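>>> Need a 3D model of the sequence below.
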Amino acid sequence: EAEENNLGDNAFDERWDRWFSCSLCEQEYHGVTRCALGWACWKTYVGRPEGDWARGAAMMALGNGLYNAKHYEDAFAVKE
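Numbering: from 1, shown residues only. Purely as a prediction, here's the structure:
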């Protein structure tokens, strides 16, 4: 976490992109893979304060992953 706080914008963007797209082929994840990475993203940032940008974005990644895996009710609950 401390390391990420000191990254420049480009480096942070590259690290953040790991939750959404493959670093080798650059295709976006979808389905259950996106859902699993949404959970991993949330677990990574859940310890941050409630107003923290990364925590909020991680919650959105979780909600989008759940929706992408067709867990619509869970996705709706997370996005509320």
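>>> what's next to the one helix or strand W39 maps to, contact-wise?
Using DSSP states H and E, the element containing W39 is helix 31-45. Under the contact criterion C-beta atoms under 8 Å, 6 or more residues apart in numbering, helix 31-45 has outside partners 19-20, 28-29, 52, 54-55, 57-59, 61-66, 68-69, 71. Heads up, the C-betas are built off the backbone N, CA and C, glycines and all.
>>> right, and the helix or strand after it?
Next in sequence after helix 31-45, counting helices and strands by DSSP H and E, comes helix 53-68.
>>> pLDDT of that following helix, averaged?
Averaged over helix 53-68, pLDDT sits at 94.
>>> got the angle for that helix vs helix 31-45?
With axes from the mean of the first three to the mean of the last three C-alpha atoms, to 10 degrees as the basis, helix 53-68 and helix 31-45 are set at 160 degrees to each other.
>>> which helices and strands sit right next to helix 53-68?
In terms of contacts (3 or more C-beta pairs under 8 Å, 6 or more residues apart in numbering; DSSP states H and E), helix 53-68 is packed against helix 31-45, helix 72-79.
>>> Pull out the buried residues from it.
A54, R55, A58, M59, A61, L62, G63, N64, G65, L66, Y67, N68 (16 or more other C-beta atoms under 10 Å).
>>> which parts of the helix holding W39 are buried?
Judged by neighbour count using 16+ other C-beta under 10 Å, the buried positions of helix 31-45 are R34, C35, L37, G38, C41, W42, T44, Y45.
>>> on that earlier part again, out of the helices and strands packed on helix 53-68, flag the one nearest D9.
With C-beta to C-beta as the criterion, D9 lies closest to helix 31-45 of those, at 17.7 Å.
>>> average pLDDT across the closest one?
Helix 31-45 comes out at a mean pLDDT of 96.
>>> Stretch 44-54: how far from the chain's middle?
Its chain's average C-alpha position is 11 Å from that of stretch 44-54, according to C-alpha atoms, centre = their mean, to the nearest Å.
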